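J.: The following comprises the amino acid sequence and a computationally predicted model.
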Amino acid sequence: MTDFLGAPRAVRLTLRPALVLSLASVLGLAMFCWPLFAHPRPSAAAHTVDAPFVFMATLPVLILVVLAELSRGGIDAKALALLGVLSAVNAGLRPLGAGTGGVELVFFLLVLAGRVFGPGFGFVLGSTSLFTSALLTAGVGPWLPFQMLASSLIGLGAGLLPRARGKAEIALLVAYGVFAAYFFGLLMSLWTWPFLAGTATQLGFMPGAPLLDNLHRFAVYTVLTSTLGWDTGRAVTNAVAIVLLGPAILTVLRRAARRAAFDAPVGFDRSQL
């Protein structure tokens, strides 16, 4: 399976892997939205008990994606090598911004790679990039599995963007990069909201309250604590990086995909046997 420019997908998705990715996405979103449907204790320490279970759910999904593709010939050594290189590059880019003022350099490359190599590759790259960077920066904690899930969804979405060419494609990627910045911040705020805002404030989570009431409280909370600051800085960073570096990086990634020839059939030269 190739994209509209003829660049082969690094991870070819047939029905079974596509179903696995869909299930992983639904479960991932459910993990973030649990405060709206549960009654957690207003204690930050309480959520550390949940984090290992999220890790246990995230990593097997990624393993299943890889194993499913390996069993169907959907990912080979070249794709794995490319995944390792891009994960390492992303891990190296992340400390440069260090999240100061929302400056995050890890997401624009994830969007571009997902665009070129497809949703399956983008999903896996999102998790491996955040996991590798966390190891390098000592950022391992209860928040890591949530960051991995959110990044995977961003990479998956980049691979599902509609067709476009030239400036229209860059505009599309800029718009998606801005959306991804706010989407990531929204999800990361949602899972910590009950514990950081508490239940004794007007912006806090109210166990047993109607869903719309809690959604309103959360909307005000995330706008004041995340959207206007960190998320906007991340959105600006993504937009500027995609505009300035996007065309060149897309060209390099597509050239690498063509040279790797992921879809080339395996054959043997009988004259050499």
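T.: Received, thanks.
J.: Going by C-alpha atoms from here, please, whenever you check contacts or count neighbours.
T.: OK.
J.: which residues does Leu203 contact?
T.: Contacts here follow Cα atoms under 8 Å, 6 or more residues apart in numbering; on that basis Leu203 touches 197, 217-218, 220-221.
J.: can you do 10 Å?
T.: Going by Cα atoms under 10 Å, 6 or more residues apart in numbering, Leu203 touches 193-194, 197, 214, 216-222, 224.
J.: Repeat that for Phe184.
T.: Counting by Cα under 10 Å, 6+ apart, Phe184 has contacts 107, 146-147, 149-151, 153-154, 231, 234.
J.: Nearest to Leu244, out of those residues: which one, please.
T.: Using Cα to Cα, Phe107 comes nearest to Leu244 of the contacts of Phe184, at 14.5 Å.
J.: for this structure, which helix is longest?
T.: When the chain is parsed with DSSP state H, its longest helix is helix 166-196.
J.: got the buried residues for it?
T.: 169-171, 173-174, 176-195 (16 or more other Cα atoms under 10 Å).
J.: What segments of the chain are helices?
T.: Along the chain, counting by DSSP H, helices occupy 15-32, 44-48, 51-71, 77-97, 106-117, 119-137, 144-159, 166-196, 211-222, 232-260.
J.: Just put those helices in JSON lines and tack on distance to Phe205 and mean pLDDT.
T.: Formatted as JSON lines, those follow (distance: least, Cα to Cα, whole Å; pLDDT from 0 to 100):
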{"stretch": "helix 15-32", "distance to Phe205": "14", "mean pLDDT": "77"}
{"stretch": "helix 44-48", "distance to Phe205": "13", "mean pLDDT": "46"}
{"stretch": "helix 51-71", "distance to Phe205": "20", "mean pLDDT": "58"}
{"stretch": "helix 77-97", "distance to Phe205": "32", "mean pLDDT": "84"}
{"stretch": "helix 106-117", "distance to Phe205": "30", "mean pLDDT": "93"}
{"stretch": "helix 119-137", "distance to Phe205": "28", "mean pLDDT": "86"}
{"stretch": "helix 144-159", "distance to Phe205": "19", "mean pLDDT": "89"}
{"stretch": "helix 166-196", "distance to Phe205": "5", "mean pLDDT": "90"}
{"stretch": "helix 211-222", "distance to Phe205": "6", "mean pLDDT": "85"}
{"stretch": "helix 232-260", "distance to Phe205": "24", "mean pLDDT": "92"}
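J.: In JSON lines, list those helices along with distance to Gly204.
T.: Converted to JSON lines, the helices of the chain look like this (distance: least, Cα to Cα, whole Å):
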{"stretch": "helix 15-32", "distance to Gly204": "16"}
{"stretch": "helix 44-48", "distance to Gly204": "13"}
{"stretch": "helix 51-71", "distance to Gly204": "21"}
{"stretch": "helix 77-97", "distance to Gly204": "30"}
{"stretch": "helix 106-117", "distance to Gly204": "30"}
{"stretch": "helix 119-137", "distance to Gly204": "29"}
{"stretch": "helix 144-159", "distance to Gly204": "21"}
{"stretch": "helix 166-196", "distance to Gly204": "6"}
{"stretch": "helix 211-222", "distance to Gly204": "7"}
{"stretch": "helix 232-260", "distance to Gly204": "23"}
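J.: These: which one's closest to Gln202?
T.: For the helices of the chain, the distance to Gln202 is smallest for helix 211-222, at 7.2 Å, taking Cα to Cα.
J.: Show me what that closest one is packed against.
T.: Contact partners of helix 211-222 among helices and strands, from 3 or more Cα pairs under 10 Å, 6 or more residues apart in numbering; DSSP states H and E: helix 166-196.
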